[in-house]
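In: Below is the sequence, then the predicted model.
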Amino acid sequence: MKNKYRRPRVFVTREIGAAALAELRRAARVEVWPNPTPPPYAELRRRLRDADGALTMVTDRIDAALIAASPRLRVVSNLAVGVDNIDLAAATLAGVAIGHTPGVLTEATADLAFALMLAAARRIAEGDRQVRAGKWLAWGPRVLLGSEIFGATLGIIGWGAIGRAMARRAAGFRMRVLYVSRSRTNHGGAVAGARRVTMNRILAESDFLSLHVPLSAATRHLIGAAEIRRMKRGAILINTARGAVIDQGALTAALKSGHLGGAGLDVTDPEPIRRDDPLLRLDNVVITPHIGSASHATREKMGALAVGNILAVFSGRKPPLCANPAVRMRPQVAHPD
């Protein structure tokens, strides 16, 4: 008897590493969105209508309406740690397993967070722009004075893997490390010298404040006007988490007024940042285009994990890295072709 199931269909919303893509193609019929920008929502919905699986990015909105319109969809694997772009409740109710890629991007993201802190403190991007514009006239004792990181106080909001990795890097600069954690059990971790404090204290005492929390209803605008007012004058804010964790308008006002000394942002709200956003006119801001995990090695590992999540579902198992472990996966549906 001929097998009623043909090879499953998978839509990949952006090109990933060749090795991971080849592995996926050995098990499924794969369609890859060819453009460097995300597929529009209507196009994504159309492509997933007959798909068994999807490999998505944080820029792809997987909401309840899209899930309802995708009757064959069994798994969505997000090439990210965070899954705030996916309606987890709707996916779980529909029997769609949601995979993600935690763990492998910790060190790369912490590297970038520390790099942004250095760049904002020492005005590196601003200096580079001056050199390229022909404004480097001579060495001078008051030219581009910045903040010292060595021996300063680093506050870390979010004591997960990336937050702790950031603290380990700070130890090499003999920084005093304070942190805030929502977990009752995840205290000092393996980072010697780091101290758990209250939110009020971390805001008041940090020379540098680095954000490492997932985006949720509880963390949206976690750092707003009131929190920024409690920060040290001249403090520098670093964000490699999600743009909406900060009230961007309040941040802009504090940078303009000089209350904050600078900011290093790998994420903005929205993304990409609008071309007329006032942040882009400020010299004391360093902005990178969400590249926290953008190293060759890390992106290859992320691709392998994302594909592994999908292949597990096609083998009748839940994703090994499942963001909704309570899901009761829907059965495979035969394709008419």
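Out: Everything's here; your move.
In: quick one: the helices in the stretch 151-300 of the chain?
Out: 161-171, 199-205, 225-230, 248-257, 296-314 (DSSP state H, counting those that start in this stretch).
In: and the second one, what does it pack onto?
Out: Think helix 199-205. strand 153-157, strand 176-180, helix 225-230 (3 or more C-beta pairs under 8 Å, 6 or more residues apart in numbering; DSSP states H and E). The way it works is simple: take the backbone N, C-alpha and C, and place the C-beta from them, glycine included.
In: thinking again about what came up before, which among the helices of the stretch 151-300 of the chain is found nearest to Asn78?
Out: helix 296-314 (7.3 Å; C-beta to C-beta).
In: what's next to the closest one, contact-wise?
Out: Residues from elsewhere that reach helix 296-314, judged by C-beta atoms under 8 Å, 6 or more residues apart in numbering: 8, 10, 16-17, 19-21, 23-24, 27-28, 52-53, 55, 74-75, 77-80, 97, 99-101, 104-105, 107-108, 293, 318-322, 329.
In: Out of the helices and strands packed on helix 199-205, which gets nearest to Leu215?
Out: strand 153-157 (12.9 Å).
In: Now find how far off-centre that closest one is within its chain.
Out: 19 Å (C-alpha atoms, centre = their mean, to the nearest Å).
In: who does that strand pair up with?
Out: Sheet pairing for strand 153-157, assigned by DSSP bridges, gives strand 176-180 (parallel), strand 208-211 (parallel).
In: Ranking those strands by mean neighbour count, which comes first?
Out: strand 208-211 (a mean of 27; mean count of other C-beta atoms under 10 Å).
In: pLDDT averaged over it, what's the number?
Out: Throughout strand 208-211, pLDDT has a mean value of 99.
In: Any chance you could give me that strand in PDB, C-alpha atoms only?
Out: Provided in PDB are the C-alpha atoms of strand 208-211 (Å, rounded to 0.1, in the frame of the first residue of the first chain):
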ATOM      1  CA  PHE A 208      26.400  51.100  33.400                       C
ATOM      2  CA  LEU A 209      23.100  49.300  33.200                       C
ATOM      3  CA  SER A 210      22.700  46.300  30.900                       C
ATOM      4  CA  LEU A 211      19.300  44.700  30.100                       C
END
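In: From Asp50, how far out is Arg26?
Out: 20 Å (C-beta to C-beta, to the nearest Å).
In: Give the residue from these two that has the larger number of neighbours.
Out: Legend: neighbour count by other C-beta atoms under 10 Å for Arg26 and Asp50, higher for Asp50 (16 against 9).
In: Which secondary structure state is assigned to that one?
Out: The three-state label given to Asp50 by DSSP: H, G, I helix; E, B strand; the rest coil is coil.
In: can I assume it is in contact with Ala69?
Out: No - using C-beta atoms under 8 Å, Asp50 is not in contact with Ala69, being 10.7 Å away.
In: hey, where'd the strands end up in the stretch 1-150 of the chain?
Out: Per DSSP state E, counting those that start in this stretch, the stretch 1-150 of the chain carries strands over the ranges 9-12, 29-32, 53-56, 75-78, 97-99.
In: which of these is buried the deepest?
Out: For those, the highest mean count by mean count of other C-beta under 10 Å goes to strand 75-78, at a mean of 30.
In: Please compute how far it lies from its chain's middle.
Out: The answer for strand 75-78 is 16 Å, by C-alpha atoms, centre = their mean.
In: For it, which strands pair with it and how are they oriented?
Out: Strand 75-78 pairs in its sheet with strand 53-56 (parallel), strand 97-99 (parallel), by DSSP bridges.
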